[in-house]
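> Next comes the sequence, and after it the predicted model I'd like to discuss.
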Amino acid sequence: MIELDIALDRGEFALELALASPARALALFGHSGCGKTSTLLAIAGLLHPRKGRIAIGEHVLFDGDARIDLPPARRELGVVFQDARLFPHFTARENLRYGMPRGATATAFDDVVQLLGLSALLKRRPGQLSGGQIRRVAIGRALLRQPHALLLDEPLANLHREARMEVLEHLRGLKRGFALTTILVSHQPDEVIALADSVARIEDGRLAALDDIETFRASVKSLDAPHLLAAG
Amino acid sequence: MNPLTHAETVALALSFKVSLVGVLCSLPVAVGCAWLLARTRFFGKPLFEGLLLLPLILPPVVTGYILLMVFGHHGPIGHLLDEAGLSIAFRWTGAALAAAVMAFPLLVVALRNAFESVDRKLENAAATLGAGAWRIFFGITLPLSLRGLVAGLALAFARAFGEFGATITFVSSIPGQTRTLPIELYELISTPGGEGGALRLTLVAVIVALLASLIAAMMLLRGGARRTEAEA
């Protein structure tokens, strides 16, 4: 169960979002500036709500009343940022290993490398990787944290068509291969339909609707990339 | 063949030793202060910053006199150091302290700029990967500030190497102990027939300053522009 009750002020923008969803893959969908990314950053612990509660399954990350506010390092989440944020002075291998827990096995590393097709890239630095490759390394790095939930912020944004298909295919594989709660931020209906089970529509910092994926699919009038839908 | 006289060589070697020890000793404190200025907000921060920069603005003689009052034989700390057999007044260690104090502000300013140029989003990403403050600092912030650090060290070394006023006021001019290159130069200028030596030491001082300046410029020019961004 994903429980979000977030009251957050950012300048003149006020986020007042409350929802509870049993979905394993929840999308936060809405136009640019509606509060999706702020919600994701609050879940990650990088923004601090004024009040409310954030819990994923048994893990209470924030509870204003109970004065719980876990620091980002202790939230045990895998966060994939829109701009990837790979460490530029590390190789792909070093980036991937950065968040691995001490007891993690070499097999876990190999599995993720294989799943995301990263074997040939391990010695390269971020500056030597393409946009799609960077995104895949960022996804792998988040997975190797061995998180209890994965947060994806616009994982296909700013990628050309081929790279979008490449990353999307890996994300689909991930959804099939890992029983991991996922929260996806997106303003692209095709991306949401391909990756989410449930959709929270956000408008002006508030929940406008919480739909299952079929209801959302039916409500989407026009898709900007029908080929992605067909592939799903 | 050494073109310098014995006294000039001794002064030059002493200057290198004093500058190196002074800068290296002030480095950890400067790193801490620069990080506080770059990454934290606290009450009285402008006053703190002003105090750190004071040696840059105060007449060096005043700084030297303050050092003499505090670390001299009758000063509150100097008295304790004397009792512990660690007297620094009128010794090369005192000259190193004067050099450290005078070079400190340059180091702080360079390091602060270097830390501020590191994208905080990378530090946030490291936090979501489970890294604590020390790991983030030594693994992400410091390596990405390396060029600024080297530039700061070069400038601080040059400043320490050229230090005169505070040194002569605090530890006087004792050959082999506290008579550094600028003080030896001053002695030569004040001595009839010392023009040749003064010219030689002037050349040495100019070469050291030029080298330091060149290193700093190369580091800063090649450092690129990784500007700090606030969270989206």
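All right, it came through fine.
> shaky segments in the chain?
Unless you meant another one, I'm taking chain A. A:221-232 (pLDDT under 70).
> try chain B instead
Within chain B, the stretches with pLDDT under 70 are B:222-232.
> In chain A, where's the longest helix?
For chain A, the helix with the greatest residue count under DSSP state H is helix A:161-177.
> can you list contacts of that one?
Outside helix A:161-177, the residues that touch it by Cβ atoms under 8 Å, 6 or more residues apart in numbering or on different chains are A:25, A:115-117, A:130-132, A:135-136, A:139, A:143, A:150, A:152, A:155-156, A:159, A:180, A:182, A:191, A:194-195, A:225, A:228, A:231-232. Using the backbone N, CA and C atoms, a C-beta is placed for each residue, glycine as well.
> among those residues, which ones are buried?
Buried members of the contacts of helix A:161-177, counted by 16 or more other Cβ atoms under 10 Å in any protein chain shown: A:25, A:115-116, A:131-132, A:135-136, A:139, A:143, A:150, A:152, A:155-156, A:159, A:180, A:182, A:191, A:194-195, A:225, A:228.
> Next step: the residues you listed restricted to helices.
A:115, A:131-132, A:135-136, A:139, A:143, A:191, A:194-195, A:228.
> What sits closest to the closest residue to chain A within chain B if chain neighbours are left out?
The nearest approach of chain B to chain A comes at residue B:129, 3.1 Å away (Cβ to the nearest Cβ). In space, and not counting its chain neighbours, residue B:129 is closest to residue A:99: 3.1 Å by Cβ to Cβ, 6 or more residues apart in numbering or on different chains.
> got the contact list for the one you found?
With contacts defined as Cβ under 8 Å, 6+ apart, the neighbours of residue A:99 are A:78, A:141-142, A:144-145, B:128-131.
> Please apply the same query to residue A:156.
Contacts of residue A:156 by Cβ under 8 Å, 6+ apart are A:135, A:164, A:167-168, A:186, A:188, A:191.
> For it, give its distance to residue A:185.
11 Å (Cβ to Cβ, to the nearest Å).
> nearest spatial neighbour of residue A:220, skipping sequence neighbours?
residue A:189 (4.5 Å).
> and the one you found, how many residues sit next to it?
Look at residue A:189: counted by other Cβ atoms under 10 Å in any protein chain shown, it has 22 neighbours.
> Near chain A, which residues of chain B are found?
Contact residues (Cβ under 8 Å from any Cβ of the partner chain) of chain B with chain A: B:121-122, B:124-132, B:139-140, B:143-144, B:231-232.
> Closest to the centroid, which residue in chain B?
The centre of chain B sits closest to residue B:103, judged by Cα atoms, centre = their mean, with a distance of 2.6 Å.
> Following the helix or strand where that one lies in sequence, what is the next regular element?
Residue B:103 belongs to helix B:92-116 when assigned by DSSP states H and E. Proceeding N to C from helix B:92-116, the next assigned helix or strand is helix B:120-128, under DSSP H and E.
> what about the helix or strand that comes right after that following helix, distance to the chain center?
Per DSSP H and E, helix B:120-128 leads on to helix B:133-136 as the next helix or strand towards the C-terminus. Distance of helix B:133-136 from the chain centroid (Cα atoms, centre = their mean, to the nearest Å) equals 25 Å.
> what does helix B:133-136 rub up against?
Outside helix B:133-136, the residues that reach it (Cβ under 8 Å, 6+ apart) are B:123, B:126-127.
> Next, format these as a markdown table and append neighbour count.
Output for those, formatted as a markdown table (neighbours: other Cβ atoms under 10 Å in any protein chain shown):
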| residue | neighbour count |
| --- | --- |
| B:123 | 20 |
| B:126 | 24 |
| B:127 | 23 |
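> so which of those residues would you say is closest to residue B:18?
Closest to residue B:18 out of the contacts of helix B:133-136 is residue B:123 (36.0 Å), distances taken as Cβ to Cβ.
> quick one: the nearest residue to that closest one once chain neighbours are set aside from residue A:64, how far?
Among residues not flanking residue B:123 along the chain, residue B:136 sits closest, at 5.2 Å (Cβ to Cβ, 6+ apart). As for residue B:136, its distance to residue A:64 is 26 Å (criterion: Cβ to Cβ).
> circling back to that earlier point, could you work out the most separated pair of the ones in helices among the buried ones among the contacts of helix A:161-177?
A:143 and A:228 (22.2 Å).
> Might you enumerate the residues of chain A proximal to chain B?
Residues of chain A lying close to chain B by Cβ under 8 Å from any Cβ are A:37, A:41, A:44-47, A:71-79, A:81-83, A:85, A:87-89, A:98-99, A:101, A:141-142, A:145.
> Which residue is the nearest non-sequential neighbour of residue B:75?
residue B:69 (5.4 Å).
> possible to save the contacts of residue A:99 as TSV with neighbour count and distance to residue B:93?
Below are the contacts of residue A:99 laid out as TSV (neighbours: other Cβ atoms under 10 Å in any protein chain shown; distance: Cβ to Cβ, whole Å):
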residue	neighbour count	distance to residue B:93
A:78	27	52
A:141	30	48
A:142	25	51
A:144	23	50
A:145	21	48
B:128	28	46
B:129	26	44
B:130	21	43
B:131	20	38
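> thinking again about what came up before, wait, isn't the residue of chain B closest to chain A in contact with residue A:141?
Yes: at 7.0 Å, residue B:129 and residue A:141 qualify as touching, with contact defined as Cβ atoms under 8 Å.
> Residue B:179 is in contact with residue B:173, correct?
Yes: using Cβ under 8 Å, residue B:173 is in contact with residue B:179, at 4.9 Å.
> Overlap of the contact sets of the two?
residue B:187.
> Quick check: the residue of chain A nearest chain B.
Across chain A, the shortest distance to chain B (Cβ to the nearest Cβ) belongs to residue A:99, at 3.1 Å.
> what's near enough to touch the residue most central in space within chain A?
With distances taken as Cα atoms, centre = their mean, residue A:152 lies nearest the centre of chain A, 1.3 Å away. The contact partners of residue A:152, by Cβ under 8 Å, 6+ apart, come to A:80, A:139, A:171, A:182-185, A:195.
> Among the residues of chain A next to chain B, name the buried ones.
Looks like those have A:37, A:41, A:44-47, A:72-73, A:75-79, A:81-83, A:85, A:87-89, A:98-99, A:141-142, A:145 buried, using 16+ other Cβ under 10 Å.
> in the helix or strand encompassing residue B:32, what counts as buried?
If you go by DSSP H and E, residue B:32 is part of helix B:6-39. Of the residues in helix B:6-39, B:8, B:10-12, B:14-16, B:18-19, B:21-23, B:25-27, B:30-31, B:33-39 count as buried by neighbour count, 16+ other Cβ under 10 Å.
> and if you look at stretch B:60-80?
B:60, B:63-68, B:71-72, B:75, B:78.
> Save these as CSV, and put in secondary structure and distance to residue A:205 too.
Below are the buried residues of stretch B:60-80 laid out as CSV (DSSP: H, G, I helix; E, B strand; the rest coil; distance: Cβ to Cβ, whole Å):
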residue, secondary structure, distance to residue A:205
B:60, helix, 57
B:63, helix, 54
B:64, helix, 60
B:65, helix, 60
B:66, helix, 55
B:67, helix, 57
B:68, helix, 62
B:71, helix, 59
B:72, coil, 64
B:75, coil, 61
B:78, helix, 62
